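In: Quick one: sequence plus predicted model below, questions after.
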Amino acid sequence: MSKVIVIGGGPAGMMAAYAAAESGHAVTLLEQNEKLGKKLFITGKGRCNLTNASDMEQLFANVVSNRKFLYSAFYSYDNEQVISFFESHGMPTKTERGNRVFPVSDHSSDVIAALSTALRGQHVEVFLHTKVKRLLLEKRDEEKRVTGVELADHTKMHADAVIVATGGISYPSTGATGDGYRMAEESGHKMVSPTPALVPMEMKEPWVRDLQGLSLRNVRMSVTRGKKKLYEDFGEMLFTHFGVSGPLVLSASAHMRHFTKKRYRLEIDLKPALDEQQLDKRLLADFAKYANHDFQNGLDDLLPQRLIPVVVELSGIPGRQKVHDLTREQRQSLLRVLKHFPCLL
């Protein structure tokens, strides 16, 4: 029986430890935090979208670049097996819009509990509060061979194999500090500078803070670079204190790989179910209802209350102007904002 050390107690590390132990190895899992799955716990607003129930063709269609790299992983352990794994370890799942799979409880803690149950069932030895300082390397035949790890307290642990599953550098407070990149490079791997993907975006507009916490559903988002449209989809998004986030934004970010070199523009169609002519008719109906009101009070039936001041500002129409005094040109200006709400990145 060979000995395997896994560095990192996130979902990748836990699944790697489980798979190695199931294959007959003696496995030790090392996690620097006080608990397993710390970043997983906050995933998806605490709900954890753990996989997608679409067929394989659809899954690959949503991989932005180098999808061939994932062929082996996807076909070796597909989404149906993922769902079966969690349900067999006491966590029932449900499938929501877009074939997104969640725990029935809507609690990411249940995902962590299922993974922990699986580890116990395979007798994986787990050490918390245990930070790995470096890999132990031995040079053999002009190649470096990993023989174990050295911990932060200088304790050395030897193993036949070490799996590095420390995550990237996306959320340092959860332990994702990029240690895995350093360890890989020290062991002889060629490193490529990481670029952000599946991340929220910062916006330049000062009014974004006024919209913090506002969630928009059933909107259409598009991303362009110059005249080229890179992405477009329909769904949900969220304003934060620094910009935008949510499923649409995270998906869009995967198509925006050169933030330091290129400029992108993000637009939101706030009323995608209506074309401009239909929306204009809707505006005329609302304005007839609120004819004697101020313009800023004439949008109550159309938009979330917190969004109205921003739309009024972007339209260039004085908020105190009476609805019955609006010109056709002003209405067209409002239409442009509603169908092309700008988010400057």
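Out: Sure thing, it's come through.

In: going forward, measure contacts and count neighbours with C-alpha atoms only.
Out: OK.

In: Once you drop chain neighbours, what's closest to the residue nearest the centre of the chain?
Out: Central residue of the chain (Cα atoms, centre = their mean): Leu198, 4.4 Å from the mean position. Distances taken as Cα to Cα, 6 or more residues apart in numbering place Leu250 nearest to Leu198, at 4.3 Å, with adjacent residues excluded.

In: What separation do you get for that neighbour and Val64?
Out: Distance of Leu250 to Val64, computed by Cα to Cα, to the nearest Å: 12 Å.

In: Looking at these two, which one has more neighbours?
Out: Using other Cα atoms under 10 Å, the more surrounded residue of Leu250 and Val64 is Leu250, with 17 against 10.

In: which element is the more buried one on?
Out: helix 247-253 (DSSP states H and E).

In: Check which helices and strands that helix sits against.
Out: In terms of contacts (3 or more Cα pairs under 8 Å, 6 or more residues apart in numbering; DSSP states H and E), helix 247-253 is packed against strand 215-225, strand 228-239.

In: ok, and what's touching it?
Out: The contact list for helix 247-253, computed with Cα atoms under 8 Å, 6 or more residues apart in numbering, reads 196-201, 221-223, 231-237.

In: Isn't Val323 up against Ala291?
Out: Yes. Judged on Cα atoms under 8 Å, Val323 makes contact with Ala291 at a distance of 5.0 Å.

In: who's more crowded, those two?
Out: Val323 (22 against 17).

In: where's that one relative to Ile7, distance?
Out: 63 Å.

In: try Ser72
Out: 23 Å.

In: What of Gln81?
Out: When Gln81 is compared with Ile7 (using Cα to Cα), they lie 24 Å apart.

In: do Gln332 as well
Out: 58 Å.

In: and what of Gln330?
Out: 60 Å.

In: So for the two, which residue has more residues nearby?
Out: The neighbour count for Gln330 versus Ile7, taken as other Cα under 10 Å, is higher for Ile7 (27 against 15).

In: from what I can see that one touches Glu31, true?
Out: Yes. With contacts counted by Cα under 8 Å, Ile7 reaches Glu31, the gap being 6.5 Å.

In: okay, and the common contacts of these two?
Out: Shared contacts of Ile7 and Glu31 (Cα under 8 Å, 6+ apart): none.

In: which residues in the protein form helices?
Out: Assigned by DSSP state H, the helices in the chain fall at 11-22, 38-41, 56-61, 71-76, 79-88, 108-121, 179-186, 247-253, 276-289, 308-315, 328-339.

In: Distance from the fourth one to the middle of the chain?
Out: In terms of Cα atoms, centre = their mean, to the nearest Å, the gap separating the centre of helix 71-76 from the centre of its chain is 21 Å.

In: Show residues contacting it.
Out: Under Cα under 8 Å, 6+ apart, the answer for helix 71-76 is Met56.
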